[in-house]
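A.B. asks: sequence unavailable; structure follows:
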């Protein structure tokens with residue numbers, strides 16, 4: 001198969017179980033006591049989660065353009081309807097097509113085309129079959145299936161847009177938006193991961209009006225992608241399939257390039273380690289990625305000024321703590337009085353990227369050197385490194401792995417199940 005890995009022979013929970021079994025005692029406990037102990041162990045070690053009603057999971061609500069909401073746009077659809085809302089009054093636009101402009105003015109929306117001009121508080125575009133073309137100054141043309149809802153955002157300076165779309169249509173778009181590869185097994189792996197993540201977000205979203213953003217904070221979603229059927233084929237061939245651990249829907253996260261090894265979720269975000277998000281060595285399967293090796297240089301004087309500006313701290317030196325895979329776990333900056341300023345590895349990465357360049361420190365797998373008045377960061381990988389490695393999945397697919405093997409490697413101990421086979425029509429979430 002090209003790239004080989006050592007199988008994990010004993011599941012993690014059995015290791016914990018075996019470690020608890022020997023208790024010196026002068027009396028053998030009855031068999032029933034041992035069975036009760038075993039049952040208690042598994043109850044305590046399998047987290048109870050919230051349940052998702054799968055009747056709610058046939059569509060998903062996505063907040064569009066959240067990072068840069070437009071104040072005006074063009075709407076084009078020849079077979080859609082518009083529902084207009086003015087306070088508590090609901091009206092329908094009498095037109096065979098919805099082709100016009102929408103802009104915000106005075107805290108309200110104005111829709112305008114050749115036949116009419118109307119001011120409303122919000123409006124909803126409904127299209128059963130055809131997609132709607134949205135044209136904005138910053139993002140150009142995009143096509144969206146399903147329903148679109150428009151209203152002024154909280155600042156009254158931008159248009160808040162929510163796209164309610166069929167789940168599988170959404171997954172096909174996310175596959176192409178997130179993974180522009182040709183290999184069908186890699187694309188299938190992304191489809192299952194994105195579907196699992198979307199369903200998790202439907203239940204766990206803290207927002208009342210939508211489930212996910214259309215950018216990296218959730219999953220990248222740019223609407224329908226015409227002319228590339230392989231994305232729809234990946235979604236259709238894995239329809240309804242999700243990842244579970246102990247019959248519970250997992251938090252299926254992913255990043256571009258792991259640099260040869262993924263990382264435990266707790267090492268990046270803190271909190272409790274999830275057994276299915278443990279570190280995995282993938283034998284540099286992601287080495288074809290353009291982000292497998294990278295470097296970034298900044299002047300030490302600029303770094304000193306940055307730290308002084310944001311934290312009031314005089315930087316003198318640094319101490320770095322790494323895990324066994326080489327990822328930075330802690331960055332401790334020291335000052336002239338032996339005082340310290342401490343970041344986690346990921347916090348430091350995100351701070352530098354926000355202030356300098358989004359691609360400055362691409363992952364936490366890096367080393368930091370100082371030379372001739374400069375600070376040089378040299379590293380491997382792009383992104384947080386937890387869960388699925390997208391370029392790694394491509395490397396494994398090229399080596400002959402199918403998508404199920406890829407997923408159960410990166411998400412250790414998981415199973416792929418079809419939602420169609422869940423008779424209760426509910427599924428618990430692993431918390």
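C.D. replies: Nice, I can see it. Everything numeric in this text was worked out from a predicted model, so none of it was measured.
A.B. asks: right, and the helix or strand after the helix ranked longest in the chain?
C.D. replies: Looking across the chain with DSSP state H, the single longest helix is helix 184-204. Going down the chain from helix 184-204, the next helix or strand is strand 212-213, by DSSP states H and E.
A.B. asks: now the next helix or strand after that following strand against helix 184-204, angle please.
C.D. replies: Scanning forward in sequence from strand 212-213 by DSSP H and E, the next helix or strand is helix 229-237. Here the directions of helix 229-237 and helix 184-204 differ by 60 degrees (axes from the mean of the first three to the mean of the last three C-alpha atoms, to 10 degrees).
A.B. asks: show the average pLDDT along helix 229-237.
C.D. replies: For helix 229-237, mean pLDDT is 97.
A.B. asks: where does this protein have low pLDDT?
C.D. replies: 1-49, 94-96 (pLDDT under 70).
A.B. asks: for stretch 295-312, the distance to its chain's centre please.
C.D. replies: 30 Å (C-alpha atoms, centre = their mean, to the nearest Å).
A.B. asks: okay, buried residues for it please.
C.D. replies: For stretch 295-312, the neighbour count (16 or more other C-beta atoms under 10 Å) marks 296, 298, 303, 306-307 as buried. (Glycine included, C-beta is placed from N, CA and C.)
A.B. asks: now, which of the residues you listed sits nearest residue 384?
C.D. replies: Nearest to residue 384 among the buried residues of stretch 295-312: residue 296, at 17.4 Å, using C-beta to C-beta.
A.B. asks: that closest one against residue 358, yeah?
C.D. replies: No: taking contacts as C-beta atoms under 8 Å, residue 296 lies outside contact range of residue 358: 11.1 Å.
A.B. asks: neighbouring contacts of stretch 297-316?
C.D. replies: 333-336, 339, 341, 351, 355-356, 360, 370, 373-377 (C-beta atoms under 8 Å, 6 or more residues apart in numbering).
A.B. asks: go with 10 Å
C.D. replies: For stretch 297-316, contacts defined as C-beta atoms under 10 Å, 6 or more residues apart in numbering pick out 318, 333-341, 343, 351-352, 354-357, 360, 369-378.
A.B. asks: now the buried members of the residues you listed.
C.D. replies: Of the contacts of stretch 297-316, these count as buried by 16+ other C-beta under 10 Å: 318, 333-334, 341, 343, 351-352, 360, 375, 377.
A.B. asks: burial count for residue 91?
C.D. replies: 13 (other C-beta atoms under 10 Å).
A.B. asks: whoops, I mixed them up, residue 409
C.D. replies: 23.
A.B. asks: hang on, the earlier thing: give me the buried positions along the longest helix of the chain.
C.D. replies: Applying 16+ other C-beta under 10 Å to helix 184-204 flags 185-203 as buried.
A.B. asks: so who does residue 421 touch?
C.D. replies: Contacts of residue 421 by C-beta under 10 Å, 6+ apart are residue 240.
A.B. asks: what's the distance between residue 221 and residue 370?
C.D. replies: 41 Å (C-beta to C-beta, to the nearest Å).
A.B. asks: which SSE is the nearest residue to residue 287 once chain neighbours are set aside in?
C.D. replies: Nearest residue to residue 287, sequence neighbours excluded (C-beta to C-beta, 6 or more residues apart in numbering): residue 395, at 6.9 Å. Using DSSP H and E, residue 395 sits within helix 390-398.
A.B. asks: what ranges do the helices span in the stretch 251-400 of the chain?
C.D. replies: Secondary structure of the stretch 251-400 of the chain by DSSP state H, counting those that start in this stretch: the helices cover 265-269, 300-311, 345-355, 390-398.
A.B. asks: residue 151 is nearest to which of those helices?
C.D. replies: Nearest to residue 151, of all the helices of the stretch 251-400 of the chain, is helix 345-355, at 29.5 Å by C-beta to C-beta.
A.B. asks: list the buried residues of stretch 217-236.
C.D. replies: Quick answer for stretch 217-236 (16+ other C-beta under 10 Å): 218-225, 230-235.
A.B. asks: redo these as TSV? Include distance to residue 277.
C.D. replies: Converted to TSV, the buried residues of stretch 217-236 look like this (distance: C-beta to C-beta, whole Å):
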residue	distance to residue 277
218	18
219	17
220	21
221	23
222	27
223	30
224	31
225	29
230	28
231	26
232	29
233	28
234	23
235	24
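A.B. asks: go through the residues you listed and say which is closest to residue 89.
C.D. replies: Nearest member of the buried residues of stretch 217-236 to residue 89, counting by C-beta to C-beta, is residue 223, at 30.5 Å.
A.B. asks: tell me the contacts of the residue nearest to residue 251 when sequence neighbours are not counted?
C.D. replies: Counting by C-beta to C-beta, 6+ apart, residue 200 is the residue found nearest to residue 251 once chain neighbours are left out, at 5.7 Å. When contacts are counted by C-beta under 10 Å, 6+ apart, residue 200 touches 52, 211-212, 242-243, 249-253, 429-430.
A.B. asks: rewinding a little: run a quick neighbour tally on the residue nearest to residue 287.
C.D. replies: Around residue 395 there are 23 residues (other C-beta under 10 Å).
A.B. asks: show me the contacts for it.
C.D. replies: Residues in contact with residue 395 (C-beta under 10 Å, 6+ apart) are 2-3, 183, 186, 282-289, 389, 401, 406.
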